[in-house]
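K.L.:
With the sequence up front, the predicted model follows.
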Amino acid sequence: MSNSELKDTERTAVQGKTDDVVISVRNVKKMFRVYRDRGNTLKDRILFAGRRKYEEHWVLNGVSFEVKRGEAIGLIGQNGCGKSTTLKMLTKILYPDEGTIEMKGRVSSLIELGAGFHPDLSGRENIYTNASIFGLSRKEIDARLEDIIAFSELEAFIDDPVRTYSSGMYMRLAFAVAINVDADILLIDEILAVGDAAFQAKCFRKLQEIKGRGTTIVIVSHAMSQLELICDRSIWVADGLVKMEGKPRDVHPRYMEWMSRKNQQEEKKKDEQETGEAGETDSDGNLKRWGSGEARMTGVKVLGADGTEKTDFSPWDPFTIHIDYTAQKQLDDAVIGLAVYRSDGTLVYGTNTLIDTSSPVTLKTAGTIDLKIEGLPASNGSYSIDLALHRPDGFNYDFWRDICTIQIADKVQTPGEIALSHHWDIH
């Protein structure tokens, strides 16, 4: 290959990598003015102009990150760290004071649900108005109209003025519009924390479906367990900078540990227990368990098909995860979650009772939970299990990382990452 051909090949490879990036945030800074004594009327502002003193509050001090096509990332951090500000700049609601933001493709946002809705127009008319804001043509909206109405479950009220809607109905319609615009990039700000549990589960399943179609997703949320099930990467923002980014399972414990230490410095022990940020660490100082303590897992066992405790299985062996728990009072809004990780930190499988049943479960003051699994058809190796008791909005009652480990070993080590049940039929 000639030098010119080699250069062309290298240029094509670099171009391919560049084209794969659909969101590029470079050294973005954002400042807000916080006024000490700001007049409310024009008269006040003219007569007391000298009193309009303000402080410059730099929310972001040089945030940089990239998101690839089809990737789902979570933005995490304490309140006021700049997560939502970053998302609003991605939607062009706000603009950076310094730095650049580049976006490729159609963008849909779930930030201010219902922004653009007119209270005197019907739900159907607002669908057309709101969808057109996202860039859809009349023909495109016509093609999606029935899907939008069906997802919102508002068929009986779709021709009523939206001012007659409850806040839940309003939210359903807004969400249904935003996720049916076939966007290349979907931006979400804490919207999974609203609505009833069944609709939250429905929204979560829809997001997983959208991700499966290759849509790029950026989510701002405090619901760590939800982010771990949908996001490929988490970006932790603190003090106006990206403090850490990587796999959610690596970033989240560091963030929770940081929050725990921060609370220990700033709040009394009682306040820590109420906010649910205090936790337990392992021998290396890494946060292993955290939660409010309103419900706690008191014991976890892995049982084989015969009911005896064991940790070694073939890919086809059924097993049961048996959990003993206690609660300070009966909890009617509980969700039980599970995640299985390979030894290299790759999420192999994750689910929870809200995804499976579309409704929360009830935890008594004491009881047991059995999760029966028909087998883990994975390659030979070690797999760790995380368990969580939490609310539908992701607030953890008890999150236990690496609660137990199982070993998968087949008689024949076949190549690949999964094990498939199969047979040969040769004639």
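P.N.:
Structure's in. What do you need?

K.L.:
per the record, what domains does the protein have?
P.N.:
19-103+216-246, 248-285, 291-427 (automatic domain parsing).

K.L.:
if you go through this protein in chain order, where are the helices?
P.N.:
In the chain, the segments counted as helices under DSSP state H are 3-19, 42-47, 83-90, 123-133, 138-152, 167-178, 197-212, 224-230, 248-266, 269-275, 353-357.

K.L.:
rewinding a little: could I get the domains of the chain as JSON lines with mean pLDDT?
P.N.:
Conversion of the domains of the chain to JSON lines gives the following (pLDDT from 0 to 100):
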{"stretch": "domain 19-103+216-246", "mean pLDDT": "85"}
{"stretch": "domain 248-285", "mean pLDDT": "64"}
{"stretch": "domain 291-427", "mean pLDDT": "90"}
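
K.L.:
Now distance to residue 125 too, for those domains, in a markdown table please.
P.N.:
(C-beta placed from N, C-alpha, C; glycine too.) Conversion of these to a markdown table gives the following (distance: least, Cβ to Cβ, whole Å):
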| stretch | distance to residue 125 |
| --- | --- |
| domain 19-103+216-246 | 24 |
| domain 248-285 | 40 |
| domain 291-427 | 30 |
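
K.L.:
among those domains, which is nearest residue 137?
P.N.:
Smallest distance to residue 137 across these (Cβ to Cβ): 20.6 Å, for domain 19-103+216-246.

K.L.:
where does the residue sitting nearest the centre point of the chain sit relative to residue 86, distance-wise?
P.N.:
The centre of the chain sits closest to residue 227, judged by Cα atoms, centre = their mean, with a distance of 2.9 Å. Computed as Cβ to Cβ, to the nearest Å, the residue 227 to residue 86 distance reads 15 Å.

K.L.:
now residue 27
P.N.:
13 Å.

K.L.:
Among the helices of the chain, single out whichever gets nearest to residue 398.
P.N.:
helix 224-230 (11.3 Å).

K.L.:
Quick check: which helices or strands does the closest one pack against?
P.N.:
If contacts are counted by 3 or more Cβ pairs under 8 Å, 6 or more residues apart in numbering; DSSP states H and E, helix 224-230 sits against strand 72-76, helix 197-212, strand 216-220, helix 248-266, strand 331-342, strand 347-352, strand 396-408.

K.L.:
Tell me what angle the last one forms with strand 331-342.
P.N.:
Strand 396-408 and strand 331-342 meet at an angle of 30 degrees, taking axes from the mean of the first three to the mean of the last three Cα atoms, to 10 degrees as the criterion.

K.L.:
List the buried residues in strand 396-408.
P.N.:
396, 397, 398, 399, 400, 401, 402, 403, 406, 408 (16 or more other Cβ atoms under 10 Å).

K.L.:
Noted, bye for now.
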